[in-house]
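K.L.:
Turn this into a structure:
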Amino acid sequence: MQDAFLHTAMERYGPAVYRLALCRLQNRADAEDVCQEVFLRLLRRGDPAWEAEHLKAWLLRTALQRCADVKRRWLRHPVLPLEEIAGQASEEDAEAGALWEAVAALPAPMRMTVHLYYAEGYRTEEIAAMMGCPAATVRTRLRRAREKLKGLLEGDAYGESLWEADGTCPDAGGT
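P.N.:
Numbers count the residues shown, from 1 in each chain. Presented below is the predicted three-dimensional model:
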C-alpha cells in the first residue's frame, strides 16, 4: 500500500518537485538529488491518508528546505567543475605544487588537519569533531604545520630544528 502511495505521489508531483529544485539550484544533478531525498522522506513519513493538496504543499515545502540545505553546503564547501579547473593552469600551480609536496611530507595528523582546513574549508571545531580531538589540538597542529612548512619551503634549518626526524615535536609528544 505504501509503495502504491509513493508511486502515485511521484507520478503526480515528481515533475513539480524536480522543476522547483532545478529552478532554485540551476544544477540538474543537485535537483535530482533533492527530488530523490524529498520522496525518500515521504516514504519514511508515509501517510497515505493525506489529501492531495496537503501532500503537494508538504512535498514542495520539503523541496525548498532541502534546496536551502544544498545552497548552504555550497557556501561552506565551494567546488568547481573539472572543466573550469583544467582551464585555470598557471605559474602559480608550480608554487602550489611545491607547497602541497611539502604538506605531503608532514606527519599524518598534521597533513590531515592542513588538508581539511585549507583544501576542504572546514573550521577547527568541525575538524576536531571529525578527528576526535579537542579544537585546541587542531589549532596547535595547524600552527606547528605552518612553522614546519615555512622552514621546508624556505630551505633553511628553521623547520628542522623544532622537529624530530619522524616529524614529532620533542616538547609536545607528537601532537
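
K.L.:
And for A96, the neighbour number?
P.N.:
When counting by other Cβ atoms under 10 Å, one arrives at 11 neighbours for A96. Quick note: C-beta positions are derived from backbone N, CA and C, even for glycine.

K.L.:
ok, now R12?
P.N.:
Using other Cβ under 10 Å, R12 is surrounded by 13 other residues.

K.L.:
Show me which positions of the helix or strand hosting it end up buried.
P.N.:
Assigned by DSSP states H and E, R12 belongs to helix 2-25. Within helix 2-25, the residues that qualify as buried are 5-6, 9-10, 13-14, 17-18, 20-22, 24-25, counting by 16 or more other Cβ atoms under 10 Å.

K.L.:
For that helix, name the packing helices and strands.
P.N.:
helix 28-45, helix 52-76 (3 or more Cβ pairs under 8 Å, 6 or more residues apart in numbering; DSSP states H and E).

K.L.:
just those: most buried one?
P.N.:
Of the helices and strands packed on helix 2-25, the one with the most neighbours on average (mean count of other Cβ atoms under 10 Å) is helix 28-45, at a mean of 17.

K.L.:
Around M110, how many other residues sit close by?
P.N.:
Other residues near M110 number 24, with proximity taken as other Cβ under 10 Å.

K.L.:
Now do the same contact list for it.
P.N.:
R141, R144, A145, K148, G167 (Cβ atoms under 8 Å, 6 or more residues apart in numbering).

K.L.:
low-scoring stretches of this protein, by residue?
P.N.:
Along the chain, the model assigns pLDDT under 70 to residues 1, 46-48, 79-95, 155-175.
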